[in-house]
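Chemist: Got a predicted model here, sequence first, then my questions.
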Amino acid sequence: MRNDYGEVNLIGDMRELVKANIWTCDSNVFKSLTFAKTLRLTLQDYNKAPYHFGTIFSQLVSLEFRGRCYNWWNFLVNVLQHSPRLQILTLEGCYSEKVWRYRELWSQPSCAPECLYRLKTFKWIEYEGSPIQKEVASYILNNARRLVTAMQLSPLSQKW
């Protein structure tokens, strides 16, 4: 439910929720999405992302993630760590250091999220091949043991 100010007001678990498209990172919203099977998530401001770290996306099978801010990769890894059934991961337009004009720091997690071992499809839309994008893509591809399909769609014709 959306009010006149674009704010989402959700209360309680939404056990019948199949698909959600979220442009906010309010912790109350995440708590209500634990049963979503498909989630389209856009992160616009990492500093305003009070993600509730205890939220488990127990039914999430498909995640479309857009990182529109600096440090999007840490938020993505956090969501992946709490999505044990994820099989389809699509990254779209995750900005690179070209936007901020300084080198981003990727700190690879000590252990891969469980969902990467089960991941079947990985797609990156608007992949530019920046250093941070390459590091995140390599991390996902190296840990996706059951990967069947990997695609990248970019303005540049780069290969992984």
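Modeler: Yes, it's here. Numbering: from 1, shown residues only.
Chemist: ok, how many other residues are close to I88?
Modeler: Neighbourhood size, I88 [other Cβ atoms under 10 Å]: 16. Using the backbone N, CA and C atoms, a C-beta is placed for each residue, glycine as well.
Chemist: let me redo that: L105
Modeler: For L105, the count of nearby residues is 11 (other Cβ under 10 Å).
Chemist: For it, what is the enclosing helix or strand?
Modeler: If you go by DSSP states H and E, L105 is not part of any helix or strand.
Chemist: what do you get for I140?
Modeler: helix 131-143.
Chemist: Quick check: neighbours of the next helix or strand after that helix in the sheet, parallel or antiparallel?
Modeler: Going down the chain from helix 131-143, the next helix or strand is strand 149-153, by DSSP H and E. Strand 149-153 sits in its sheet next to strand 121-125 (parallel), going by DSSP bridges.
Chemist: Counting neighbours, which bits of the strand it pairs with end up buried?
Modeler: 122-124 (16 or more other Cβ atoms under 10 Å).
Chemist: Tell me which helix or strand in this structure has the weakest average pLDDT.
Modeler: When the helices and strands of the chain are scored by mean pLDDT, DSSP states H and E, helix 97-100 comes last with a mean of 53.
Chemist: Outside of stretch 76-85 itself, list whatever touches it.
Modeler: 41, 43, 51, 53, 55-61, 63, 65, 67, 86, 89, 91, 94, 109, 113-116, 118, 136 (Cβ atoms under 8 Å, 6 or more residues apart in numbering).
Chemist: among those, which are in helices?
Modeler: Among the contacts of stretch 76-85, DSSP state H puts 114-116, 118, 136 in helices.
Chemist: which of the residues you listed count as buried?
Modeler: Judged by 16+ other Cβ under 10 Å, buried ones among the ones in helices among the contacts of stretch 76-85: 115-116, 118, 136.
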